[in-house]
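**Student:** Below are the sequence and a predicted model for it; my questions follow.
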Amino acid sequence: MDKIYEILSNILEVPVNENTDISMQNCPQWTSLAHIDIIMSVEEEFGIMFAQEDLPHLTSQTKIMQKVKELSNG
């Protein structure tokens, strides 16, 4: 999951690690445009595709990590 921290860190330009829980609500840099970039980068990195209906809910580091784990193990 280090790759998710790296993606979030690079796009949002803030430090992200296992001790943070960055989200759209607490990070002003997480704009709708940044959200698209995050989603596309995570999909490309992990070779997965999020369902269209999941996209509006993937608004935090934790939610993205949970969905990636779910899709990677499923």
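**Tutor:** Cool, got the structure. Residues are numbered from 1 along each chain as shown.

**Student:** can you list the weak-confidence ranges in this protein?
**Tutor:** 74 (pLDDT under 70).

**Student:** What segments of it are helices?
**Tutor:** With helices called from DSSP state H, the chain shows them at 2-12, 32-46, 61-73.

**Student:** Of those, which stretch is the most buried?
**Tutor:** helix 2-12 (a mean of 17; mean count of other C-beta atoms under 10 Å). (Glycine included, C-beta is placed from N, CA and C.)

**Student:** Does that helix pack against any helices or strands, and if so which?
**Tutor:** The contact analysis (3 or more C-beta pairs under 8 Å, 6 or more residues apart in numbering; DSSP states H and E) places helix 2-12 against helix 32-46, helix 61-73.

**Student:** can you list these in a markdown table and add distance to residue 7?
**Tutor:** As requested, the helices and strands packed on helix 2-12 are exported to a markdown table (distance: least, C-beta to C-beta, whole Å):
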| stretch | distance to residue 7 |
| --- | --- |
| helix 32-46 | 5 |
| helix 61-73 | 9 |
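
**Student:** So for residue 21, which of these sits nearest?
**Tutor:** helix 61-73 (5.6 Å; C-beta to C-beta).

**Student:** outside of the closest one, which residues touch it?
**Tutor:** Residues outside helix 61-73 that contact it (C-beta atoms under 8 Å, 6 or more residues apart in numbering): 1, 4-5, 8, 16, 20-23, 38, 42, 46, 48, 50, 54, 57-58.

**Student:** repeat for stretch 36-44
**Tutor:** Contacts for stretch 36-44 (C-beta under 8 Å, 6+ apart): 4, 7-8, 11-12, 30, 48-50, 55, 58, 64, 68.

**Student:** Those residues: which two are farthest apart?
**Tutor:** 12 and 49 (22.3 Å).

**Student:** Just want the phi and psi numbers for the residue nearest to residue 35 when sequence neighbours are not counted.
**Tutor:** Leaving aside its chain neighbours, residue 35 sits nearest to residue 24 (6.9 Å; criterion: C-beta to C-beta, 6 or more residues apart in numbering). According to degrees, to the nearest 10, the main-chain angles of residue 24 amount to phi -60, psi -30.

**Student:** That's all I had, so thanks and see you.
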